[in-house]
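Colleague: requesting a structural model of the entry that follows:
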Amino acid sequence: MTIFSERRFSSFTFLNATQFLAALNDNIYKLLVIFFCIQLEGMENSHKILATTGAIFVLPFLLFSASAGILADRFSKRNIIILTKTLEFITLAISVSAFYYESKLAAYFILFLMATYSAIFAPSKYSILPELVSSDKISKSNGLMTSFTFLAIILGTFTASFLLEISGRNYVFVGLFSTFLGFIAMVASFCIEETPPAGSSKRFNIFFLGEIASTLKQAASYPSLLTAMFGSAFFLFLGAFVQLNAIPFAVESLNLTDVQGGYLFLLTAVGIGTGAMIAGKISGATIELGLVPLAGLGVAICSYFMDYYAHDLVAVIPLIILLGLFGGIYQIPLDSYVQVASPKTSRGQMIAATNFLSFFGVLCASGLLYLNSHVFGLSSGEGFIVMGTITIIVTVLISFQYFDYLTRFIGMILSWLHFKTTIHGLENISDEPAIYICKHTAWNDTLLMLGSQRLRMRFFIEHEQDHSHSWIKKIYRMLRVVMVTSIEPLENNLECIASIKNALKKRISVCIFVDKDNIGEEIKKLNQSYSFNKVCDEVGCPIIAVTLQKGEKEKSSPIFTRLWNKLRVPAEITFV
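Modeller: Below you'll find the model as predicted:
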């Protein structure tokens, strides 16, 4: 918790509390309406009631997400949060009378209003994060919020059933309890610090589909942003499918009751919350998009094993927790990137468009479940195979888009395994893309550079020796290393200079490996190149000299440490 300063930590805490209570209330009230309507219409109509309740809850997110995004960019996000929580409290107080008079239509209408407030609240609660915490805390903040959100889902699912059971199905009592939670959420929202409007003057458009399309088109002009938005939406599709498929899977494959089957999704929620915390921890002060393809692969593998071990409860329990864990790791970098990479004046609209895609994904999950069971006649276990296959396809597409992030993350892991690194001059490492110049001594210099900083990096190597090992060549191809020939030095190589410019514009740092001991002389040559100087002035990037030194492996350490050090080379890297 010390990652935040006192004032900003307080605002983030109250935002997190507001979100937690809102998610808790959404789940309690939605289940309350389901149980209430089943009591009125009978268990034989439960499928119709579940479908109706789900459609009513999703509809406002499709209808109002675009307008909510514009609202978040035109007005203070803190004031929007306060307004929605105040209206939610008033609506929950009114809901008590709907249960008292046993009005099914009133209960459905109030559910629609609750979902509408959530749809308006969503863009503001996520786009306000960069205004409450610094950019290097975004991943951790998202990890905390996601963990508490899924904790709220777990508690909400249990609370609704538990309170109805101990109160003898007294819906008025549970409604009053939900109203009390709404009051606490409203009070917490008032404790969030004031935030100014983002400065957008965009007008509302009743043609929300055109507005969503326009926002997605704008997102396409920013590196990796559109992919992050679609990837984040795919996560909700996964979550919705697992939630819908869990109960029939439990009944068909594990011979459990439908109520016991509901606990499977609770285990998934535990996994998602844990995965979100892990992703925030791994990302640290940056946004680690390289985690996304690896986590997607983990989701797919777990999905296949869910069918393979469909009749073994002991195997299914850890598998469904792992499924959620990889899902949480998958989600956090994408949500964090959408928040940070979106332009400030349209950040709310970007998040609103992501919400629209996400809840469209929820509808697609329902459609996929229907196709699997009623059209193709697949079992619920085979449904997990279908989901795993879709996840593989999406993961491959994301891997192509995030290839640089993936290779940087893998390179960082390999660097940690291969080197025991001491870094000097950390204050000279740029948070923005930069040009690093250092003497090249061996193939593993690339790994050392990748492990020393957290931005993507493109390598340009002068006079590289011919490697006999094919795996070294494969590493170079994976890292997209550019070989600079000795015939034409880099400062005169217009093709290489154009590649450097292109990389820097994509927010990719550049590392130029030279074969001279005097790095200062090499920097002087580059500075004398008109073409190279033009690139530096246009992109506005610093040139940083780097010194690499590798030492001997330790031999006087304890046995366990010595065994580990056999795999790791001591190294020092200095940024000047």
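Colleague: from now on I want contacts and neighbour counts done on CA atoms only, so please keep to that.
Modeller: Will do.
Colleague: start and end of stretch 395-407, how far apart?
Modeller: Stretch 395-407 has an end-to-end distance of 15 Å (criterion: CA to CA, to the nearest Å).
Colleague: off-centre distance for it?
Modeller: Relative to its parent chain, stretch 395-407 has a centroid offset of 15 Å by CA atoms, centre = their mean, to the nearest Å.
Colleague: surely residue 310 is within a strand?
Modeller: No. Residue 310: not assigned to a strand; according to DSSP: H, G, I helix; E, B strand; the rest coil it is coil.
Colleague: what about residue 339, how many neighbours?
Modeller: 25 (other CA atoms under 10 Å).
Colleague: so it sits against residue 123, correct?
Modeller: No. With contact defined as CA atoms under 8 Å, residue 339 does not reach residue 123; the gap is 9.9 Å.
Colleague: where do the contact lists of the two overlap?
Modeller: Counting by CA atoms under 8 Å, 6 or more residues apart in numbering, the contacts common to residue 339 and residue 123 are residue 351.
Colleague: just the helices in the stretch 451-576 of the chain please.
Modeller: 470-478, 494-505, 519-527, 530-539, 559-565 (DSSP state H, counting those that start in this stretch).
Colleague: buried residues, the first one. List them.
Modeller: Along helix 470-478, these residues count as buried under the neighbour rule (16 or more other CA atoms under 10 Å): 475-476.
Colleague: need the CA coordinates for that helix. CSV is fine.
Modeller: Extracted in CSV, the C-alpha atoms of helix 470-478 (Å, rounded to 0.1, in the frame of the first residue of the first chain):
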residue,chain,number,x,y,z
SER,A,470,21.6,-21.8,-35.5
TRP,A,471,19.8,-21.0,-32.2
ILE,A,472,21.7,-17.7,-32.0
LYS,A,473,20.5,-16.8,-35.4
LYS,A,474,17.0,-17.7,-34.4
ILE,A,475,17.2,-15.4,-31.3
TYR,A,476,18.4,-12.6,-33.6
ARG,A,477,15.5,-13.2,-36.0
MET,A,478,13.1,-13.2,-33.1
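Colleague: that helix - what's its average pLDDT?
Modeller: Mean pLDDT, computed over helix 470-478, is 72.
Colleague: and for the last one?
Modeller: Over the span of helix 559-565, the pLDDT mean works out to 53.
Colleague: ok, back up a step: in a markdown table: the helices of the stretch 451-576 of the chain, plus distance to residue 119.
Modeller: Formatted as a markdown table, the helices of the stretch 451-576 of the chain follow (distance: least, CA to CA, whole Å):
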| stretch | distance to residue 119 |
| --- | --- |
| helix 470-478 | 42 |
| helix 494-505 | 35 |
| helix 519-527 | 53 |
| helix 530-539 | 39 |
| helix 559-565 | 52 |
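Colleague: pick the most deeply packed of these.
Modeller: Ranked by mean neighbour count, the helices of the stretch 451-576 of the chain are led by helix 494-505 with a mean of 17 (mean count of other CA atoms under 10 Å).
Colleague: and the helices of the stretch 451-576 of the chain: which comes nearest residue 97?
Modeller: The closest of the helices of the stretch 451-576 of the chain to residue 97 is helix 494-505. By CA to CA, the value is 59.0 Å.
Colleague: so how far is residue 219 from the spatially most central residue of the chain?
Modeller: Residue closest to the average C-alpha location in the chain (CA atoms, centre = their mean): residue 332, at 2.6 Å. With distances taken as CA to CA, residue 332 is found 19 Å from residue 219.
Colleague: how about residue 93: what's its closest non-neighbour residue?
Modeller: residue 179 (5.5 Å; CA to CA, 6 or more residues apart in numbering).
Colleague: count the neighbours of the one you found for me.
Modeller: Quick note: residue 179 (other CA under 10 Å) scores 23 neighbours.
Colleague: surely it is in a helix?
Modeller: Yes. Residue state for residue 179 (three-state DSSP) corresponds to a helix.
Colleague: spit out the contact partners of it.
Modeller: 89, 92-93.
Colleague: show the buried residues in those residues.
Modeller: The buried subset of the contacts of residue 179 - by 16+ other CA under 10 Å - is 89, 92-93.
Colleague: now render those residues as JSON lines, adding pLDDT.
Modeller: Output for these, formatted as JSON lines (pLDDT from 0 to 100):
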{"residue": "89", "pLDDT": "94"}
{"residue": "92", "pLDDT": "92"}
{"residue": "93", "pLDDT": "92"}
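Colleague: filter the residues you listed down to the ones in helices?
Modeller: Residues of the buried ones among the contacts of residue 179 located in helices (DSSP state H): 89, 92-93.
Colleague: and those residues, which is closest to residue 315?
Modeller: Nearest to residue 315 among those is residue 92, at 41.5 Å by CA to CA.
Colleague: what about the closest one, distance to residue 20?
Modeller: 16 Å.
Colleague: which ones are touching residue 242?
Modeller: residue 265 are the contacts of residue 242 under CA under 8 Å, 6+ apart.
Colleague: check which helix or strand it maps to.
Modeller: helix 225-253 (DSSP states H and E).
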